[in-house]
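Visitor: Any chance you can model this:
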Amino acid sequence: MLYPNFTAIQNLDFFARLGGKNDLSRDDYKDVLFRVGLQEEAHDKKLKGFSKGMRQKCGIAIAILKDAPAILLDEPTSGLDPKAGFEFMQLLDTLRDEGKAVLMSTHDIFRAKEIADILGIMNQGQLVVELNRRDLSGENLEQLYMEYVAGFDQHPELTEHA
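Guide: Numbering: from 1, shown residues only. Okay, the predicted model is just below:
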């Protein structure tokens, strides 16, 4: 939860210090904000005027600063325009390549297929299938999703795919 009355830099400073990172400079904060794609003119503005995408970038910047091994995201691309969503997914891809674990819940099955190493489909709070990236190639994920969601209602014994 970011503080809307703090600027982007103040949020980063607060959460970095909270996480025990006391040796970071203003330049360190600016560098990570540039890395996540937050334009310079926003660095010293309060978050209450930020779009959802700009707030998302600040949150990811905090995780990067704290060198978090895992990043948990809930519907990270909802409300983002296509360009912001694309940029956000590229950033997550880069973080994954750096060895960060990214756990994301989303209703956007197309982006999930694009980014996921492991994808799970849930129905009524239960995991009904878990697929690896290799299982997803050539699959129509929308159809697969519908089969498991509809199929689970008719066949509760379905709990895992292959």
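Visitor: Give me the secondary structure label for the most centrally placed residue in the chain.
Guide: With distances taken as Cα atoms, centre = their mean, the chain has Leu73 as the residue nearest its mean C-alpha position (4.3 Å). Taking DSSP: H, G, I helix; E, B strand; the rest coil as the rule, one finds Leu73 in the strand state.
Visitor: cool, Met104 as well?
Guide: Using three-state DSSP as the criterion, the local structure at Met104 reads strand.
Visitor: Show me where this protein has its strands.
Guide: With DSSP state E, the ranges of strands along the chain come out as 70-74, 101-105, 118-123, 126-132.
Visitor: for the protein, longest helix please?
Guide: When the chain is parsed with DSSP state H, its longest helix is helix 82-97.
Visitor: who touches it?
Guide: In this structure, residues lying in contact with helix 82-97 by Cβ atoms under 8 Å, 6 or more residues apart in numbering are 36-37, 51, 53, 56-57, 60, 64, 71, 73, 76-77, 80, 102, 104, 111, 114-115, 117. Every residue, glycine included, has its C-beta placed from N, CA and C.
Visitor: how about a cut-off of 10 Å?
Guide: 35-37, 51-54, 56-57, 60-61, 63-64, 68, 71, 73, 76-81, 100-102, 104, 108, 111-112, 114-117 (Cβ atoms under 10 Å, 6 or more residues apart in numbering).
Visitor: What subset of those residues is buried?
Guide: Judged by neighbour count, with 16 or more other Cβ atoms under 10 Å as the criterion, the buried members of these are 36-37, 53-54, 56-57, 60-61, 63-64, 71, 73, 76-77, 80, 100, 102, 104, 108, 111-112, 115-116.
Visitor: Which of these fall within helices?
Guide: Gly53, Met54, Gln56, Lys57, Ile60, Ala61, Ala63, Ile64, Arg111, Ala112, Ile115.
Visitor: Please identify which of the residues you listed is nearest to Leu12.
Guide: Of all those, Leu12 sits closest to Ala61, with 5.9 Å by Cβ to Cβ.
Visitor: Return the distance of the closest one relative to Leu136.
Guide: To Leu136, Ala61 is 30 Å away according to Cβ to Cβ, to the nearest Å.
Visitor: before we move on, back to that, could I get the pLDDT score of the residue nearest to the centre of the chain?
Guide: The score at Leu73 is 89. That number is its pLDDT.
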